[in-house]
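Participant: Next one to model:
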Amino acid sequence: MYQRPHPKVSDGAAAPRPAPVIPLMPGPLASKRVQMEPQVETEPVVQGVYVISVAARILEMHPQTLRKYERLGLINPGRSVGMLRLYSWEDIRKLYLIRHLVENLGFNLAGVEFTLTLVNQLMQMQERMSGAAKGTPLEGQVEQEMTHLLHTLNLPLDSGSI
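Facilitator: Residues are numbered from 1 along each chain as shown. Take a look at the predicted model:
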């Protein structure tokens, strides 16, 4: 049987270990140089992500359910280089909402899809209205936003027919 050779120690002391590699910290001159050059991010900023098994455990759902929701377009997790599904905290929050809509409110998946679209459109409308110029009359803007929302959701534009 092969055994790895051990370093010989002549005086009974432990064998010297190689010095650890410590990355160099930039000094004051390096920081001045960096400030003059444009900074380009070479690595994407990665927030906390979870593979499907961990996300399923957090949500107390079966991984196949998460795959089904992705197939239906309710969620869109990121992918790793090896094509593993990576669920962000935002994906987890959305899945909690989906679970609440299905289990507590009795929505079917078509209702969940409609509700998620509605929530998304309302959030976008809120962003557009908060970013609008202060001189714009609010009444006209609200009417325009409601028309846009109803059109996006394929709802009748006449308020009397709802």
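Participant: Test my guess that residue 152 contacts residue 121.
Facilitator: Yes: using Cβ atoms under 8 Å, residue 152 is in contact with residue 121, at 5.5 Å. Glycine gets a C-beta too; all of them are placed from N, C-alpha and C.
Participant: hang on, residue 99 packs against residue 62?
Facilitator: No: if you go by Cβ under 8 Å, residue 99 and residue 62 don't touch, sitting 11.7 Å apart.
Participant: Which one's more surrounded, the two?
Facilitator: More crowded of residue 99 and residue 62, by other Cβ atoms under 10 Å: residue 99, with 16 against 10.
Participant: For this structure, which segments count as strands?
Facilitator: Assigned by DSSP state E, the chain shows strands spanning 49-51, 78-79, 85-88.
Participant: most packed of those?
Facilitator: Greatest average neighbour count among these goes to strand 85-88 (a mean of 20), per mean count of other Cβ atoms under 10 Å.
Participant: So for stretch 119-134, what gets flagged as buried?
Facilitator: 121, 125 (16 or more other Cβ atoms under 10 Å).
Participant: Same check on stretch 53-66?
Facilitator: 55, 56, 59, 61, 63, 66.
Participant: what residues does the longest helix along the chain touch?
Facilitator: Secondary structure assigned by DSSP state H gives helix 109-130 as the longest helix of the chain. Under the contact criterion Cβ atoms under 8 Å, 6 or more residues apart in numbering, helix 109-130 has outside partners 72-74, 94, 97-98, 101-102, 107, 141-142, 145, 148-149, 152-153.
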